[in-house]
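> Below is the sequence, then the predicted model.
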Amino acid sequence: MTEELNLDWANLPFGYVRTDYNVRCSYRDGKWGDVEVSTSETVNMHIAATALHYGQEIFEGLKAFRGKDGKIRVFRMRENAKRIRESALGLKMQPVPEDLFCEMVEKVVKLNARFVPPYGSGASLYIRPLEIGMSASVGVRTSTEYLFLILVSPVGPYFKGGFRPTNICIMREYDRVAPKGTGRWKVGGNYAASLGAGERAHELGYSAVLYLDPKEKKYLDECGPANFFAIKDGKYITPASDSILPSITNMSLQQIAKDMGMEVESRHITVDELAEVQEAAACGTAAVASPVGEIDDLDTGVKYVVAKDGKPGPVTTQLYNTLRAIQYGEMEDVHGWNTIIEE
Ligand SMILES: *Cc1c(COP(=O)(O)O)cnc(C)c1O
C-alpha cells in the first residue's frame, strides 16, 4: 500500500476522499475493547441505536501536515482528546481515555501516510474522530455501548482563490444553541440546528452568520461553525461565552498573539464595538483564520466595514502565517504543539 498516489492535491475540495483505513474501538460491558483497523466505509448498527434516535453523537476535527522536512505533524491532538472528553461528559456518553484517543490518531495517520498531501500543495490530512451511542433503546436514556472511530480524508487548501476577506451577517431570528445548552461541546446536533441559518446567509451572499449570545442578543458569540476574534487597537479580542465551543485554533492564535507582544482579552463584545475594530476573522481547524471584510447587521441595517481596503489586515495575516509555519515545520514549535508521526 505504499504506491504513490496521483491525487490533484491543490484542487481537492473540503470533502470526503476514500483512504485505505479507519480505526475503531467499541465500549461494551463496561470497558473499551481492542483498537480495530478497518477498510470498510460503513458501520453496522442497531436500528434503535441512541445515536440515530436521540442524537448521541460527538466529534472532533484536527489535521496532519507534511512538513518542509518531509515529516508528518499532527497539531495539538491532546487538546482534541481533552475536548471530546468534555463533549462526552456533556451528553452523558462514555468518555474515550485521552491516551486511547492519541494512540488511535497516531495509528490512523500512520496507516494512511500516503494520503498526507505533499508539502507545498497547501493541502492537509483532515482527521475526523467521532463517538456514537450504539445501544438499542426506544426510551430516552443514555447508551451503555459506544463506538469511537476515526476516519481521515485529504483536504485541499481552504483559500483556493487566495487569502481574502469574506462578508458575514448578523440575523437575530436564529440561534445556534441555547444559553446553557450544548454549544460548548462539539455535538453533531449543533450543526443540524445551524444549517437553516447558514443556508439563509449563503443565499444572501454571506459566508457565515455571526451569532449573538442566545440569551440577551447583545454580545457576539460564534461565527458559523468557527470562533470569532477581532483586532482592536493592537489587542486580540475574542468573545467569552458559555455557548461557544472552545476552539483550539483560537487558543493557539491567542498564544501567538501574546508571543508577538499583544494583549489578549477574552470577554463580552457588544455588537456596537464592531465599529471600533480594525480587523476581524473567523477561526478554526478548517480555515485557520479567515479574514472578515464586512459585518452586516440585517436587523438594524448597520454595516460594519472591517477590511476597509478589501484586504486582510496585517495582524490577521501575521497570525495566520505564523500558525501555518508552525504546522508545516517551517518555524520552531516553541510550545510543543506538534506530534511527529514516524513512518
Ligand atoms: C470545531 C469548531 C470550532 C473550531 O475549533 P477548532 O478546534 O479550532 O477546530 C469552532 N466552533 C465550532 C462550533 C466548532 O464545532
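Perfect, thanks for sending it. Keep in mind that what you see is a predicted model, and the values were worked out from it rather than measured.
> switch to C-alpha atoms for all contacts and neighbour counts from now on
Fine.
> any idea how far A325 is from D296?
Per CA to CA, to the nearest Å, A325 is found 32 Å from D296.
> Please say which of those two ends up with more neighbours.
Legend: neighbour count by other CA atoms under 10 Å for A325 and D296, higher for D296 (20 against 16).
> Stretch 44-59: which residues count as buried?
For stretch 44-59, burial by neighbour count (16 or more other CA atoms under 10 Å) applies to A49, T50, A51, L52, Y54, Q56, E57, I58, F59.
> Among those residues, which ones are in helices?
T50, A51, L52, Y54 (DSSP state H).
> ok, the third one to N44 distance?
If I follow you right, that is L52. On the measure of CA to CA, L52 and N44 end up 12 Å apart.
> Around the ligand, pick out the residues from the stretch 51-200 of the chain.
Residues of the stretch 51-200 of the chain lying near the ligand by CA under 6 Å from any ligand atom: G61, K186.
> could you pull out the helices for the stretch 51-200 of the chain?
77-90, 98-111, 188-203 (DSSP state H, counting those that start in this stretch).
> Please spell out which residues along the second one are buried.
Spelled out, it's helix 98-111. Neighbour counts over helix 98-111 (16+ other CA under 10 Å) mark E98, F101, C102, M104, V105, E106, K107, V108, V109, K110, L111 as buried.
> Assign a three-state SS to I340, would you?
I340 falls in the strand class when you classify it by DSSP: H, G, I helix; E, B strand; the rest coil.
> was I right about it contacting K71?
Yes. Counting by CA atoms under 8 Å, K71 is a contact partner of I340 at 6.8 Å.
> ok, and what's touching stretch 202-220?
Residues outside stretch 202-220 that contact it (CA atoms under 8 Å, 6 or more residues apart in numbering): 166-172, 174-179, 197-198, 201, 221-224, 239, 241, 243, 268-271.
> Recalculate using a threshold of 6 Å.
Residues from elsewhere that reach stretch 202-220, judged by CA atoms under 6 Å, 6 or more residues apart in numbering: 167-170, 175, 179, 221-224, 268-270.
> which of those residues count as buried?
Buried among the contacts of stretch 202-220 (16+ other CA under 10 Å): N167, I168, C169, I170, D175, P179, D221, E222, C223, G224, H268, I269.
> For those, work out which two are farthest apart.
N167 and P179 (25.7 Å; CA to CA).
> circling back: identify whichever of the helices of the stretch 51-200 of the chain lies nearest to S38.
It is, among the helices of the stretch 51-200 of the chain and with distance given as CA to CA, helix 98-111, at 10.0 Å.
> pull the CA atoms of the closest one into CSV?
What follows is helix 98-111, C-alpha atoms only, in CSV (Å, rounded to 0.1, in the frame of the first residue of the first chain):
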residue,chain,number,x,y,z
GLU,A,98,-7.1,10.6,26.3
ASP,A,99,-4.2,8.1,25.7
LEU,A,100,-6.5,5.8,23.6
PHE,A,101,-7.6,8.8,21.6
CYS,A,102,-4.0,9.9,20.8
GLU,A,103,-2.9,6.3,20.1
MET,A,104,-5.7,5.9,17.6
VAL,A,105,-4.9,9.3,15.9
GLU,A,106,-1.3,8.3,15.5
LYS,A,107,-2.3,4.9,14.2
VAL,A,108,-4.8,6.1,11.6
VAL,A,109,-2.4,8.8,10.3
LYS,A,110,0.5,6.3,10.0
LEU,A,111,-1.7,3.8,8.2
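> picking that back up, from the ones in helices among the buried residues of stretch 44-59, which single one is nearest the ligand?
Closest to the ligand out of these is A51 (17.9 Å), distances taken as CA to the nearest ligand atom.
> Is it correct that the closest one is in contact with I132?
Yes. Using CA atoms under 6 Å, A51 is in contact with I132, at 5.4 Å.
> which residues are common contacts for these two?
In contact with both A51 and I132: E57, using CA under 6 Å, 6+ apart.
> By proximity to the ligand, which residue of the stretch 51-200 of the chain wins?
K186 (5.1 Å).
> Can you report how many residues neighbour that residue?
Per other CA under 10 Å, the neighbour tally for K186 reads 25.
> Wait, a helix at I326?
Yes. Counting by three-state DSSP, I326 falls inside a helix.
> Contacts only, for it.
Applying CA under 6 Å, 6+ apart, we find I326 in contact with D333.
> where's it relative to I168, distance?
When I326 is compared with I168 (using CA to CA), they lie 28 Å apart.
> Could you do Q255 as well?
Using CA to CA, we find Q255 at a distance of 26 Å from I168.
> partner residues bridging the nearest residue to S26 once chain neighbours are set aside?
Once flanking residues are discounted, S26 sits nearest to L147: 4.5 Å by CA to CA, 6 or more residues apart in numbering. Note on L147: beta-bridge partners by DSSP bridges are S26, I132.
> wait, doesn't L147 sit right on I132?
Yes. Taking contacts as CA under 6 Å, L147 lies within contact range of I132: 5.5 Å.
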